[in-house]
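Peer 1: Quick check, what structure comes out for this input:
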Amino acid sequence: MPVLTTSDWYAETSVLHPLAVGGATLLVVWVWMRLTSTRSLNPTSIFSWMVSVALGSTVSRIITTPNINFVRGLLSLFILFLAEWVSTFAASNVSKPFAFIFKNPPVLLVFRGKADYAAMKRHRIAPSGLMQALRSAGKVRLAQVEVIVLEANGSFSVIPLLSDEERQGSLEALENIPTYGRRCREELGEDRHRTAEPHLAALGLNQGRKVKSAYPQNGDDPDTQV
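Peer 2: I've put the predicted structure just below:
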């Protein structure tokens, strides 16, 4: 059996096939984009990214492969269009549990200068990834940021450190992060504990009290004696 044949280099076919079929295919895609949202192909989630990649691959095969039936190619495009529409509709209009199937919630990686190493390990994010996000935001240390968030599409969002006055207002962009509210309450409780610590020491009530650190470092004991 020959390793290479003539068909590997050249196959007789009509040179007008890419022009005719490709033009019709691109017209169908363009009409769909005009009828739907302009963000139809924007990778807002991992699922939408998968649909975008599959759509590009399907269009390429329809144009460059003569033996693919044009009607079956359009049917494949319609299935991808339908999957994209269902996923975005569910994420924006249906209940949160159903939307979770297509779109992961944002993940809090850094909270007020403290990294959540457990979340980083769970999502396979190396410390160098956080440093890259800091450099992209024009920051040089974690203490300069309020939060670093892993978004649903896999990108990082970096919010600079907020002042006490800014934290008093409504933080709509942060309130939908599942663990942000809990971290705020934990820090508020730690602040109250530090404020009451001198009074506890004067009464001898803080002997042997342990406070569990929310951000243990590598090799450190998460239980710290105070």
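Peer 1: Name the nearest residue to Phe81, sequence neighbours excluded.
Peer 2: Closest residue to Phe81 in three dimensions, ignoring its sequence neighbours and counting by CB to CB, 6 or more residues apart in numbering: Trp32, at 5.5 Å. From N, CA and C alone the C-beta is placed, and that goes for glycine too.
Peer 1: Give the buried residues for the helix or strand harbouring Ala83.
Peer 2: Assigned by DSSP states H and E, Ala83 belongs to helix 70-93. By neighbour count on 16 or more other CB atoms under 10 Å, the buried set for helix 70-93 is Gly73, Ser76, Leu77, Leu80, Phe81, Ala83, Glu84, Ser87, Thr88, Ala90, Ala91.
Peer 1: And those residues, which is the shakiest by pLDDT?
Peer 2: In this model, the minimum pLDDT among these belongs to Ala91 (71).
Peer 1: quick one: that one from Phe102, how far?
Peer 2: 6 Å (CB to CB, to the nearest Å).
Peer 1: Mutual contacts of those two, please.
Peer 2: Ser45 (CB atoms under 8 Å, 6 or more residues apart in numbering).
Peer 1: Now do Ala133, the pLDDT please.
Peer 2: Here, the pLDDT recorded for Ala133 equals 90.
Peer 1: Once you drop chain neighbours, what's closest to it?
Peer 2: Phe156 (3.8 Å).
Peer 1: Leu162 now?
Peer 2: Nearest one to Leu162, counting by CB to CB, 6+ apart, is Glu146 at 4.9 Å.
Peer 1: Tell me, what's the model's pLDDT at that neighbour?
Peer 2: If you check Glu146, the pLDDT there is 90.
Peer 1: The strand or helix carrying it: how far from the chain's middle?
Peer 2: Secondary structure from DSSP H and E places Glu146 in strand 145-150. Relative to the centre of its chain, strand 145-150 is centred 13 Å away, using CA atoms, centre = their mean, to the nearest Å.
Peer 1: do the same with stretch 103-110
Peer 2: 7 Å.
Peer 1: How about stretch 135-155?
Peer 2: Centre-to-centre, stretch 135-155 and its host chain are 13 Å apart (CA atoms, centre = their mean).
Peer 1: Now do the same contact list for the residue nearest to Leu162.
Peer 2: By CB under 8 Å, 6+ apart, the residues touching Glu146 are Phe111, Arg112, Ile159, Pro160, Leu161, Leu162, Leu174.
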